[in-house]
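Undergrad: quick check, what structure comes out for this input:
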Amino acid sequence: MGFGALRTGRRDTRVLARWSRVSRLASFVLACSIVSIARAAALPPFSELLRQAEASAPRLIEGAAQVQAAQGFARQAAAFPNPLLGVESENFGASPPFNGFTSAETTVTLSELVEIGGKRRSRIAAGRADLEAAQAAYTQARADFAHDLALAYVTAEAASIRATLAAEELARAEEDLRAARLLVSAGRESDLRAIQAQALTAAARADLETSRANAVEAFIRIASLVGISEPYTGVGPSLLSVAQRLPIPTSDPPTTPPVVLAAQAQRDAAARRLELERKRAISDLSVSVGTRRLAADDANAFVAGVSVPIPLFDRNRGAIAARNAELTAAEARLNGAKFEAEANWRSAIAQARAADNRLRASDELESVAQEGYRLARLGYDAGRAPLIELLATRRALTDARARALDARVARIEAEATLARLAGRIPFGE
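TA: Here you go, the predicted model:
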């Protein structure tokens, strides 16, 4: 080995030593952050977590409140106009003979607005249609929330597994480093091999810290989605374990996906609002009855009247045009939702089948890689295999495990997407 190579090896060793100190500092900081959230509980089963989120998730609370608001407007739409009580007095407090109240005429009337042309019926129908649209939107929001929660759940679980795999990889790297140093001391390997093993060990340690930080972030994300202040600390029952048992649904799309139902309800509500605006162009009657007191004659008389506005300036054309445009937009959204729902379903089916095939292949690849690393380790310890071969098989094992984990995550994500498109809760009991 030349002088330049030795100097390069010493410089690499110093760099690795500094990196080791930085890694230990990062480990201490991460440990402190984990201790600070240790009071939180582990994740419950997914179905139970979803039930708990009904009372705390901001998105679900908002959707439920919007349904309650629509219920209030629907009740208000059935209310009759309030009657109007009027009191009018004339012929008093002026010059004789109208001084004082001796000649006053006082009229008391009760007026009521009479809606004609079916306005009240149309208003009630529009209120009910808005309520149905709000309920359909909430159903879609629940399906979307369940989908997002399932993805967050499996992401947190996968992050925890990646942290475990990174810890196992670090343990294997440290074991390979010890074996390399022994062989270097015995003169069977060059110093460069030991430096390579040390560099890979440092990289494995950095990957472990990153994996742990990602796991903490994933648990914080779930807590934020569910609407709790304390993040979770671990995963309870596994979702990834069911990936291999998930059936592939048929290619036929669901007949009533939530997105289409919501768009249909919005279209119906827009049609009802247009009908209501057309009815509002019809003038209403105002009917009044009352009694008049004639003080000068010490007599009473009945009064009655009917009034109707003349549609000379306001014929509600602007509102009708606006509601007509809203109906056109709602019909376009409905047509788009139908095409999109069918396309998304077929795409999700293809993704689920691909993930299923990928899962089977990755499991087989992981088994082969595990056996390859075992044989390479035996050969290296016996001096029959070089270090570079051991490192290559270890990297192949790491990649195979990562591929298998990614395949399980992809299968769970595909199932969650299919459930959202079909309007059902994924992974329900």
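
Undergrad: okay, CA-based contacts and neighbour counts for the rest of this
TA: Will do.

Undergrad: for the stretch 251-400 of the chain, what are the low-confidence residue spans?
TA: Regions of the stretch 251-400 of the chain meeting the criterion pLDDT under 70 cover residues 251.

Undergrad: how about stretch 354-369: buried residues?
TA: Within stretch 354-369, the residues that qualify as buried are 355-356, 358-359, 362-363, 365-366, 369, counting by 16 or more other C-alpha atoms under 10 Å.

Undergrad: sorry, slip of the keys, the one I care about is stretch 161-171.
TA: For stretch 161-171, by 16+ other C-alpha under 10 Å, it's 161-163, 165-167, 169-170.

Undergrad: so the residue nearest to the spatial centre of the chain versus Ile222, what's the distance?
TA: The centre of the chain sits closest to Phe145, judged by C-alpha atoms, centre = their mean, with a distance of 4.1 Å. With the distance defined as C-alpha to C-alpha, to the nearest Å, Phe145 ends up 12 Å from Ile222.

Undergrad: likewise for Glu413?
TA: Remark: distance between Glu413 and Ile222 (C-alpha to C-alpha) = 16 Å.

Undergrad: same question for Val259.
TA: 25 Å.

Undergrad: so which of the two has more stuff around it?
TA: Val259 (25 against 22; other C-alpha atoms under 10 Å).

Undergrad: what helix or strand is the more buried one on?
TA: helix 258-280 (DSSP states H and E).

Undergrad: other SSEs contacting that helix?
TA: helix 119-185, helix 317-381, helix 387-422 (3 or more C-alpha pairs under 8 Å, 6 or more residues apart in numbering; DSSP states H and E).

Undergrad: in it, what counts as buried?
TA: By neighbour count with 16+ other C-alpha under 10 Å, helix 258-280 contains the buried residues 258-280.

Undergrad: send the alpha carbons of whatever helix or strand comes next after that helix over as PDB?
TA: Once the chain leaves helix 258-280, the next helix or strand it forms, by DSSP H and E, is strand 285-294. What follows is strand 285-294, C-alpha atoms only, in PDB (Å, rounded to 0.1, in the frame of the first residue of the first chain):
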ATOM      1  CA  LEU A 285    -100.200  38.800  -2.300                       C
ATOM      2  CA  SER A 286    -100.300  40.700   0.900                       C
ATOM      3  CA  VAL A 287    -103.800  40.400   2.600                       C
ATOM      4  CA  SER A 288    -104.800  42.500   5.600                       C
ATOM      5  CA  VAL A 289    -107.800  42.700   7.800                       C
ATOM      6  CA  GLY A 290    -108.600  45.000  10.700                       C
ATOM      7  CA  THR A 291    -110.900  47.400  12.500                       C
ATOM      8  CA  ARG A 292    -111.200  51.100  12.600                       C
ATOM      9  CA  ARG A 293    -112.300  53.200  15.500                       C
ATOM     10  CA  LEU A 294    -114.200  56.400  14.500                       C
END
